[in-house]
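Participant: fold the following, please.
(chains A, B, C, D, E, F, G and H)
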There are 8 protein chains.
Amino acid sequence: MIGWRARLGLMVPSINVNMEKEFNLMAPVGVSIHYARLPVTEGILSKVKQLEKSNLDRLRESMPKAAIELQHAEVDVIGSGFTAGGWILGLEGHMKLIKSIEHQVGVPIVTATIAVMEAMQKLGMRRIVVATPYVETSNQRGREFLKANGFDILAIETIGELAHTVSSGRIYRFAKKLFVPEADGIFISCTDFPSLEILQALENDIGKPVVSSNQALMWKMLQVARVHESMKGFGSLLAT
Amino acid sequence: MIGWRARLGLMVPSINVNMEKEFNLMAPVGVSIHYARLPVTEGILSKVKQLEKSNLDRLRESMPKAAIELQHAEVDVIGSGFTAGGWILGLEGHMKLIKSIEHQVGVPIVTATIAVMEAMQKLGMRRIVVATPYVETSNQRGREFLKANGFDILAIETIGELAHTVSSGRIYRFAKKLFVPEADGIFISCTDFPSLEILQALENDIGKPVVSSNQALMWKMLQVARVHESMKGFGSLLAT
Amino acid sequence: MIGWRARLGLMVPSINVNMEKEFNLMAPVGVSIHYARLPVTEGILSKVKQLEKSNLDRLRESMPKAAIELQHAEVDVIGSGFTAGGWILGLEGHMKLIKSIEHQVGVPIVTATIAVMEAMQKLGMRRIVVATPYVETSNQRGREFLKANGFDILAIETIGELAHTVSSGRIYRFAKKLFVPEADGIFISCTDFPSLEILQALENDIGKPVVSSNQALMWKMLQVARVHESMKGFGSLLAT
Amino acid sequence: MIGWRARLGLMVPSINVNMEKEFNLMAPVGVSIHYARLPVTEGILSKVKQLEKSNLDRLRESMPKAAIELQHAEVDVIGSGFTAGGWILGLEGHMKLIKSIEHQVGVPIVTATIAVMEAMQKLGMRRIVVATPYVETSNQRGREFLKANGFDILAIETIGELAHTVSSGRIYRFAKKLFVPEADGIFISCTDFPSLEILQALENDIGKPVVSSNQALMWKMLQVARVHESMKGFGSLLAT
Amino acid sequence: MIGWRARLGLMVPSINVNMEKEFNLMAPVGVSIHYARLPVTEGILSKVKQLEKSNLDRLRESMPKAAIELQHAEVDVIGSGFTAGGWILGLEGHMKLIKSIEHQVGVPIVTATIAVMEAMQKLGMRRIVVATPYVETSNQRGREFLKANGFDILAIETIGELAHTVSSGRIYRFAKKLFVPEADGIFISCTDFPSLEILQALENDIGKPVVSSNQALMWKMLQVARVHESMKGFGSLLAT
Amino acid sequence: MIGWRARLGLMVPSINVNMEKEFNLMAPVGVSIHYARLPVTEGILSKVKQLEKSNLDRLRESMPKAAIELQHAEVDVIGSGFTAGGWILGLEGHMKLIKSIEHQVGVPIVTATIAVMEAMQKLGMRRIVVATPYVETSNQRGREFLKANGFDILAIETIGELAHTVSSGRIYRFAKKLFVPEADGIFISCTDFPSLEILQALENDIGKPVVSSNQALMWKMLQVARVHESMKGFGSLLAT
Amino acid sequence: MIGWRARLGLMVPSINVNMEKEFNLMAPVGVSIHYARLPVTEGILSKVKQLEKSNLDRLRESMPKAAIELQHAEVDVIGSGFTAGGWILGLEGHMKLIKSIEHQVGVPIVTATIAVMEAMQKLGMRRIVVATPYVETSNQRGREFLKANGFDILAIETIGELAHTVSSGRIYRFAKKLFVPEADGIFISCTDFPSLEILQALENDIGKPVVSSNQALMWKMLQVARVHESMKGFGSLLAT
Amino acid sequence: MIGWRARLGLMVPSINVNMEKEFNLMAPVGVSIHYARLPVTEGILSKVKQLEKSNLDRLRESMPKAAIELQHAEVDVIGSGFTAGGWILGLEGHMKLIKSIEHQVGVPIVTATIAVMEAMQKLGMRRIVVATPYVETSNQRGREFLKANGFDILAIETIGELAHTVSSGRIYRFAKKLFVPEADGIFISCTDFPSLEILQALENDIGKPVVSSNQALMWKMLQVARVHESMKGFGSLLAT
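Facilitator: Numbering: from 1, shown residues only, chains lettered A, B, ... in the order given. Here you go, the predicted structure:
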């Protein structure tokens, strides 16, 4: 039986090429992962205003479709690959949108937006630095969203390039430089930002936990699917 | 760089849970695979007439959308996970549909329908037995389509169950029983039929080549993407 | 010397194809396993009344023969592959039958019926859910037998198919669904029910111990043969 | 599916502890092995006359029972673990007995007696030396049986001890000493004689093929079950 | 004894961070590699004229110093990490400079400039495409130098970025796109251009040999040191 | 990105052939090592006076050059491979020279001279025995330098041969013989003295910590580069 | 350097074929083992009186010769492979003989006779059972010797066969049967008795320590040579 | 059974510490090696005349004793570790001595002196260079002996140090330097000269076969014991 332990469904933004790679690396034995794509092309780096307007409307339309395509595969939980996307509507608006889709498809839905916050709470990270590939407007929005939800943002900065073209090593350098000793850890935002391979080294080297969008989303999805597997090499969140 | 050697895009029928698993197993080093989903729920086993009518219309609409979602990921080639689906329109109609989508997205498109025929020609398989999970109507259509394209169908039979719920071992038993010595090999049809793990054992045991939908589709996609990798354990097609 | 550490003899019900596979996987270094077969064909799923009448009579005759065949191989202990079979006569009747055979062959005899209860006691499982492939009548009998021996049965349900045709993954799904948080663990009954491969994942995921017929029988046989080996991957019972 | 590629059934003489061990080592992927036991205690070393009389009668009775127990497990082929046993009745009598059981159970039956002769023919072994653990009477009978079937016996000798108590290393020494350069190879008779581990070294060192009862029986059973797997380390017979 | 089979000395341009990495990966057992650095900072991408003037003068001064530092380590051969650097003076001038240093230190000196040409001759590559990270002026100079030495340059193009910041995957993509079927192979120039990891995949995929500066330099240095080791995974040049 | 976690630059004395070997063995994942060479030929064994005079002058000139060559490679920290060299000027003079170079290149500089003292302090080693390959004059100087910095030298002895020609095993024997139970550990001085492979065995066998020049230098450089990796097999210093 | 960590010399009784095998398996990294042979043929099983008379005289002559042959190899310690041999003279006589040889060769000498007693003391074994391959007279002598040195012999029994012809598995069975719960552990005597492979399983299964002649001799020799290595799989004595 | 395939006995010169190490590395599965020591201390490097006089007399006495000690271990063949020793008496005298010992012990005896010549003949080496650790007198004697037996000695030279203190790497360097292209291969003489680890690299690098004393002695002993095993990494002699 394919996905005997759990079938996880992922809604992947269409320009994203990193999620399939990182989720396949993290999949525990018996867990299969299935993908649907959401049409999102307006550049996360360059066209922020359109993102808010046209994209949000389009997502309201395309997300339920993608969720239903995954429901056809009888997945146990659906994950949404948007992190910053969730910051636009605020927590309440975000939850309302998610609940509405959950209602349509009858499958629990998890978003990177929420998962990273729960992961940070679990790891005792309140004062954080945030490394992103976003435009400044998005970073500003993230600062407000996270602050509104109880986090203290010591710094939030962008690497300023198309997320998945950045090598993991450069993300390590960028995030480590951003880190300050008084922070409780680092949050590396964006599911298209390939940081999985350097999470453990970064944790070792700063001596504090590191949370990334995909790592936190996987952690939350496994939790919802009631799968408990200790993994090595992807940071302390997945090692417990 | 993710998918530095090639990025392959796959259009996965929404109820299919086997393609992600088998393609991940076959992926050569440097080749990444990205997925979009096509909404197809009408039962392949039980609702054939609707399949032809409503589904074909829906696919004409949803396939270009899925292809565009994969084009966003800058894939080098797109593969369509339908084998029997291509039999409905006949070769000419099938090619016309594919060419029209190729035209829209500007990326070469390969279908399982065509790939299996090219694979069998390469392996010298003209007289074949065909193992499927389809309803009888589909099998009948397959017999005609393949015959029209130069193959001699010694037998075509269905296992009569939902494709991905059948274990690989039972597919081995079913296909081996169907085989007759005068055949040039076996064709196991349907991308949702989990036969990858038993292809090599089956080839060893009947002493003739075996082609499956996913194996042939991968072979053809790598060829289009100009990737040449000899793989062991998935039958002679991918071993050369 | 073959089986220098211990030779284990197993009486395998003739339709059972799972015991040889699971016991070979669990065998510690230096322990050999030898098999005799007991003729039992009347369907465990469909012909319960006959089972009680004709089968019990036949077993009274065939079990001593099988035990003697294993005694010829100079085994240190003999295991009986019946779990539900032992429920028919009640504990007293069951023990009387076993003692009588032990008396004839001069080799200690262990049954799955008894082993699973001792294993659950060791693991502190009093309130349990029970997953089986049996007919309802057998489940009802099991409920009474286990209750009479001090267990609290929160649920006992059948998957309703011929035991060894069910994939391990489906047994995982079935047992996990049956589980309720107030239970102390899960008991998966039937030596022909292929659950060994998923025991550890199931324990991880529910956070409570899981006992299966073959696992408990192996545990008890090693104990009688005075072999103490900590094994990984087959649940907490064999890991200590 | 257990034994998806093939299920092999073995009838094991009750005092034999070597067959389960050697067959488990040789089993190809996807092939499961199931065992039934035949009550045979009269000493192969010391009570030859009784063997012929009482044992043959008993076997005529117990072999069909054992075969039926294996048929219950839906095996694809049944192997009989007697090599020398088949020499008593002569080829014709032996085949008649086998055919009669085959008729009762509807499953093909293979015997070590026949398998070793076919294996030697395949390997071009006509002039042979034979190493056994049998009493002299049995060896004499083997000499006549093999000669009657076209083999030239340059030597047949017994190691003079209970077969499975002899270490593999001593069998190597014994057989190598027996070998003469003009022989085409060595035949090591008896399924309870643990020679599997030294077959390859012995072949390397004498530079000629070596056939053993279990190796040849496995080879023949896989052939009947239409499984073709090249194995290393068990002599040239299974390496092709 | 360190470097018992051979000690190789490398003169590494000071901005180069790729040579140590790739040479360590290629080092055969018993071969140690020792490094001296040459001060070269003027940007290979942006300051070509100065490179010719000031750098050449500086190199005439610093190369003998570096060679002597390596002679102190008693190396068997010294390799110079410049490829394009050798194009400036023409073959005659280049050889004159090398011979003069060889004369001073008494150790044979090999340059990437010469090694790549000998490697291509060995592999039968006369008509080639050339992938570089150089400024156009350097490429133009390379075209003339290689042409003057008997090669037919079908194309020579630059990726236009600082060599060692380009990922191996992007070099694969760049070189493969440059390739034309009528070429005998690809030459990837520059010792700071990290192509070692993709050489084999590129050869497989274009079906023709690929030569890189570091691979050819290692090949030539081992030849001079009389070390013959067949290596897998670094292209056909080192596999023979 | 090459050296994504850290780039380490090493200034290697020109006659030294051991540093490249030992540092490559100790390099953690993501850490690249780059080398520049310092011209030092006057025999450490035989020409001590000249070492002080001419060499110090020459080093004052060549060290800044080498440091700049490494700065070109954008290293995070530079290590100097001199241990005994630092003893000549005394701590103050040594630090002044290092600070002056640091000032010129803008990269932190670490020396074996300092690193070994910090390592011993961390491990609680105050009373030590010292094994070296130096001339007696150097040993005498080391005794004074270390004493002046708070260490109690129970013994300091030379093996009396050119450092890198001594096998690791002989260093083990030499150091172990030098050890006295009242010492807190052993310090094996000289970066050209190949002791890395026997550090762990020596620690196990004397039951006290062992510090070597290269091990301590690597430890200190990783600390400055903020890389924290626990390594096995190189003594307790790098295992924490 | 061969045996850089330690060179161990062993005096092997000439009929013994087990010591080389077991000591090679136990040798830690850097420890080499060298062998000299002592002419001892009089059967340990059958000719006890001669052993005492002629053999002791011969040993007094041959042991110093063998010790000197090992001293030529510059070993750090010499081990004598006699266990029961030491019982003849009593502790005082035994030590006097050893001291006299030590005096002649100037190398510390360790005997199995003494080593096993020290090992048992370390493991807290006072009440013991003893498994041997000796004649009854030797066992009787062992009982007295061990008693005189503070041990309480609950049982001492012989397997009654030439030591090295007994398989390890049979030694396991024999010793386990001899064991009684009130014993502190088992002592398996004789360096020619191949028990190394089953020591760990036996310890696991009886839950008490097991000491053998070769294991204890190795432990003591490493102690004298000041080598401390924790080994797995040879019992708790060598695991600390 | 220890040494079930063959038991090899070796007579090791007492100062030799290399034979045990190299023979253990070359031992095929099932082959055990047993050692006796021959008292030989007079320095092979410095006391040649005494070697001839006193040592030869002593060896005539001690070799039969050692051979008998190995015969007690029931070895299949005995190897003598002297290469140059055999040159003193000439071929006839050497063979006469060996035959006389063979006669006393009844076990075939092989000497390095003879084995190396047979090995070279097998490999087609007639014109050879010879690398030794001997004094010049011995080399001169070797030149004459080998010439008398049909070999053409292009060069024979000594490394001039105590054999086993030389590292393998230095033997590689020494022998490679001695090699001339017109030679058919290299012969590295002396069983105490640790060349086994570099034989294969040396063969690769000169492109001709290399024979060493221990390698040739093992090859010959396995031939006599009728063991045929192809080994990798020890030169072409043992690879066939």
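Participant: the nearest residue to A:Ala84 once chain neighbours are set aside: neighbour count?
Facilitator: The spatially closest residue to A:Ala84, leaving aside those adjacent along the chain, is A:Ser138, at 4.9 Å (CB to CB, 6 or more residues apart in numbering or on different chains). (C-beta placed from N, C-alpha, C; glycine too.) The number of residues packed around A:Ser138, counting by other CB atoms under 10 Å in any protein chain shown, is 25.
Participant: do A:Asn139 as well
Facilitator: For A:Asn139, the neighbour count with other CB under 10 Å is 21.
Participant: did I read that right, it in a helix?
Facilitator: Yes: A:Asn139: assigned to a helix according to DSSP: H, G, I helix; E, B strand; the rest coil.
Participant: need the helix or strand of chain A with the lowest average pLDDT.
Facilitator: Across the helices and strands of chain A, mean confidence by mean pLDDT, DSSP states H and E is lowest for helix A:48-50: a mean of 50.
Participant: contact partners for the nearest residue to A:Gly233 once chain neighbours are set aside?
Facilitator: Counting by CB to CB, 6+ apart, A:Gln200 is the residue found nearest to A:Gly233 once chain neighbours are left out, at 5.0 Å. Neighbour list for A:Gln200: A:232-235 [criterion: CB atoms under 8 Å, 6 or more residues apart in numbering or on different chains].
Participant: so which of the residues you listed is the most crowded?
Facilitator: Of all these, the most densely surrounded is A:Gly235 (27 neighbours; neighbours counted as other CB under 10 Å).
Participant: which non-adjacent residue is nearest it?
Facilitator: In this structure, A:Gly235 finds its nearest non-sequential neighbour in A:Leu199, 4.1 Å apart by CB to CB, 6+ apart.
Participant: element containing the residue nearest to A:Gly233?
Facilitator: Take DSSP states H and E as the rule and A:Gln200 turns out to sit in helix A:199-206.
Participant: contact residues of chain A facing chain C?
Facilitator: Where chain A comes near chain C, counting by CB under 8 Å from any CB of the partner chain, the residues are A:1, A:3-5, A:29-30, A:226-229.
Participant: okay, strands next: where are they in chain A?
Facilitator: Listed in chain order, the strands found in chain A under DSSP state E are A:6-13, A:31-38, A:77-80, A:109-111, A:127-132, A:152-158, A:185-188, A:210-212.
Participant: dump these into TSV; add mean neighbour count and distance to D:Glu74 as well.
Facilitator: Shown next, in TSV, are the strands of chain A (neighbours: other CB atoms under 10 Å in any protein chain shown; distance: least, CB to CB, whole Å):
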stretch	mean neighbour count	distance to D:Glu74
strand A:6-13	26	31
strand A:31-38	26	30
strand A:77-80	28	39
strand A:109-111	25	45
strand A:127-132	23	60
strand A:152-158	17	64
strand A:185-188	27	55
strand A:210-212	30	51
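Participant: who wins for proximity to E:Ala36 among those?
Facilitator: Evaluated over those, closeness to E:Ala36 peaks at strand A:127-132, with 37.9 Å, by CB to CB.
Participant: mind giving me the packing neighbours of that closest one?
Facilitator: The contact analysis (3 or more CB pairs under 8 Å, 6 or more residues apart in numbering or on different chains; DSSP states H and E) places strand A:127-132 against helix A:136-148, strand A:152-158, helix A:168-178, strand A:185-188.
Participant: can you tell me the centre-most residue of chain A?
Facilitator: A:Ser213 (2.8 Å; CA atoms, centre = their mean).
Participant: just checking, that residue touches A:Val116?
Facilitator: Yes: the criterion here is CB atoms under 8 Å, and A:Ser213 meets it with A:Val116 at 6.0 Å.
Participant: now do the shared contacts for those two.
Facilitator: Here A:Ser213 and A:Val116 share the contacting residues A:83, A:189, scored by CB under 8 Å, 6+ apart.
Participant: still on that earlier bit, who wins on neighbours among the residues of chain A next to chain C?
Facilitator: A:Arg5 leads the residues of chain A next to chain C on contacts (other CB under 10 Å) with 26 neighbours.
Participant: excluding chain neighbours, what is closest to that residue?
Facilitator: Spatial nearest neighbour of A:Arg5, chain neighbours left out: A:Gly30 (3.1 Å); criterion: CB to CB, 6+ apart.
Participant: would you quantify the distance from the one you found to A:Val210?
Facilitator: Distance from A:Gly30 to A:Val210, counting by CB to CB, to the nearest Å: 27 Å.
Participant: what does A:Gly85 give?
Facilitator: 22 Å.
Participant: for A:Glu197, same thing?
Facilitator: Separation of A:Glu197 from A:Val210 (CB to CB) stands at 12 Å.
Participant: just A:Met231 next, same as before
Facilitator: Distance, A:Met231 to A:Val210, by CB to CB: 14 Å.
Participant: rewinding a little: the residue nearest to A:Ala84 touches A:Trp87, doesn't it?
Facilitator: Yes: using CB under 8 Å, A:Ser138 is in contact with A:Trp87, at 7.3 Å.
Participant: taking chain A, what residue is nearest to chain C?
Facilitator: A:Trp4 (2.3 Å; CB to the nearest CB).
Participant: which residues touch that residue?
Facilitator: Applying CB under 8 Å, 6+ apart to A:Trp4 gives the contacts A:30, C:167-170, C:172-173, C:198.
Participant: what's the closest of the residues you listed to chain F?
Facilitator: Chain F lies nearest to A:Gly30 out of the contacts of A:Trp4, by CB to the nearest CB, at 28.7 Å.
Participant: find the nearest non-adjacent residue to the residue in chain A that chain D sits nearest to, please.
Facilitator: For chain A and chain D, the shortest gap (CB to the nearest CB) falls at A:Met1, measuring 12.0 Å. Nearest residue to A:Met1, sequence neighbours excluded (CB to CB, 6+ apart): C:Gly169, at 3.5 Å.
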